[in-house]
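Asks: Provided below for reference: sequence and predicted model.
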Amino acid sequence: MINLFYEGGVIFMSIISFFLVMTAISFYTHSDKLKTYGNLGLTSGILGSFIGLYSAFEFIQQAGDVSPAILAGGLRVALICTIYGIIVYLISRILSLFR
């Protein structure tokens, strides 16, 4: 699990983790901000993936011919942030049902 955190990029994964913690805190204190933190986690995950894809495609453009295995590995790493952001979003929506 820690390996996925580092593969997804420490900066964006930390930001999404912050929004996950804020989602949990807002469940008990400020229920009106619960969906907001989930939405921010989702958008941070998508932004992190787009930045990762941009840098991967930039590297592919500079390298020229790249094997499909390397391309698939780069796409897998780029989507880790999106998956984590979706999980935070779903948690916030499920918790908002209980409020």
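Replies: That came through fine.

Asks: please name the residues that touch the nearest residue in space to residue 47 that is not next to it in sequence.
Replies: Nearest non-adjacent residue to residue 47, counting by C-beta to C-beta, 6 or more residues apart in numbering: residue 12, 7.3 Å away. Where you see a C-beta, it was placed from the backbone N, CA and C, and this is true even at glycine. Listed by C-beta atoms under 8 Å, 6 or more residues apart in numbering, the contact set of residue 12 reads 44, 45, 47, 48, 51, 81.

Asks: can you flag the buried ones in those?
Replies: 44, 45, 47, 48, 81 (16 or more other C-beta atoms under 10 Å).

Asks: now name the helix or strand holding the last one.
Replies: Okay, so that is residue 81. Here residue 81 sits within helix 80-98, counting by DSSP states H and E.

Asks: which other helices and strands contact that helix?
Replies: For helix 80-98, the helices and strands in contact under the criterion 3 or more C-beta pairs under 8 Å, 6 or more residues apart in numbering; DSSP states H and E are helix 2-7, helix 10-28, helix 34-63.
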